[in-house]
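**Student:** okay, predicted coordinates and the sequence, questions at the end:
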Amino acid sequence: MAARLASLLATILLPGRARAGAWLLHEGLRIVPSVVRNNDWLGPLAKSFPTTKNEVWLTIDDGPTPGQTPGILNALDNAGARASFFVIGRKVDWNRPLCRTIVDAGHTLENHTYSHPSALFWTLPACAMRAEIVRCNHAIHVASGRAPHWFRSPAGMTNACVHPAAARAWLKVAGWSASGLDGIPGGEPEKTVRCIMRNLTPGGIIVIHEGPGRRVIETLEILLAQLGQHGFRTVIPDRSQFP
């Protein structure tokens, strides 16, 4: 609101060239926070959680994926690990039994929008943003009988409409502290894991991705082995631990 008021006053009071400069500044201040991934400039964003133990929160985006999620669950079970799956609502609607299996295995389903419009998400107005979040919440509840507690933006790009829409849906907004940049298909699992481990500290939030062209099961198996070797345990933190 303050930025809009300043822009309006500049339009009324400043000469042409100065008005153009003020408009460009206003647009830059509006757009830049929306396209910088994993930033908390527009509202609270969980990137870590308080702990005195060697614990991390493992999060897996973009599922469920019938050809991968069962293998992911096997890898997690073999390592005694727990994770949160940030799922896409329309995939949930297509794979409800698989979503129930995720929850029954002790993991959680969290909101990653209904249609995952990653290229245009940062441009969505409030009504479209709310629809993406509410529809995904509904899909998760129908599939699992449980409501999600967290929302994560596609590609981690968060515009000014995200936090109000998430809050109205009783969700907090999650980012990450350790990413292997594996969202692009074809990434090398070893390289992904090295990148994650390089940035990992107790209380860190790890993000990896499933989906077509992604070697997520290989990545996860290597990652879980590395976490064990470094004494890390995966947990799902209680949302009350976050502001």
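**Tutor:** Yep, it's here. Numbering: from 1, shown residues only.
**Student:** could you use CA atoms for every contact and neighbour count after this?
**Tutor:** Noted.
**Student:** max-length strand in the chain?
**Tutor:** For the chain, the longest strand by residue count, based on DSSP state E, is strand 55-63.
**Student:** extract the CA atoms of stretch 189-199 and return them as CSV.
**Tutor:** Extracted as CSV, the C-alpha positions of stretch 189-199 are listed here (Å, rounded to 0.1, in the frame of the first residue of the first chain):
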residue,chain,number,x,y,z
PRO,A,189,22.8,-37.3,-8.0
GLU,A,190,26.3,-37.2,-6.6
LYS,A,191,26.6,-33.5,-7.5
THR,A,192,23.2,-32.8,-6.0
VAL,A,193,24.1,-34.4,-2.7
ARG,A,194,27.5,-32.7,-2.5
CYS,A,195,25.8,-29.3,-2.9
ILE,A,196,23.2,-30.2,-0.2
MET,A,197,25.8,-31.4,2.3
ARG,A,198,28.0,-28.4,1.7
ASN,A,199,25.2,-26.1,3.0
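**Student:** who touches it?
**Tutor:** Residues from elsewhere that reach stretch 189-199 (CA atoms under 8 Å, 6 or more residues apart in numbering): 177-182, 206, 215-216, 218-219, 222-223, 226.
**Student:** from these, pick the one nearest Ala147.
**Tutor:** Ile206 (21.9 Å; CA to CA).
**Student:** tell me which stretches of this protein form helices.
**Tutor:** All helices of the chain, identified by DSSP state H, fall at 2-13, 16-35, 69-79, 89-94, 96-104, 126-144, 162-168, 189-198, 216-229.
**Student:** between those helices, which gets nearest to Gly43?
**Tutor:** Among these, helix 162-168 comes nearest to Gly43, with 6.3 Å by CA to CA.
**Student:** hang on, the earlier thing: any chance of the helices of the chain in CSV, with mean neighbour count too?
**Tutor:** Putting those into CSV (neighbours: other CA atoms under 10 Å) gives the following:
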stretch, mean neighbour count
helix 2-13, 13
helix 16-35, 15
helix 69-79, 17
helix 89-94, 21
helix 96-104, 18
helix 126-144, 20
helix 162-168, 18
helix 189-198, 17
helix 216-229, 18
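**Student:** out of the ones you listed, nearest to Gln241?
**Tutor:** Between Gln241 and those, the tightest spacing by CA to CA is seen for helix 162-168, at 16.7 Å.
**Student:** which elements pack onto the closest one?
**Tutor:** Packing contacts for helix 162-168, counted by 3 or more CA pairs under 8 Å, 6 or more residues apart in numbering; DSSP states H and E, involve helix 126-144, strand 172-173.
**Student:** alright, that wraps it up for me.
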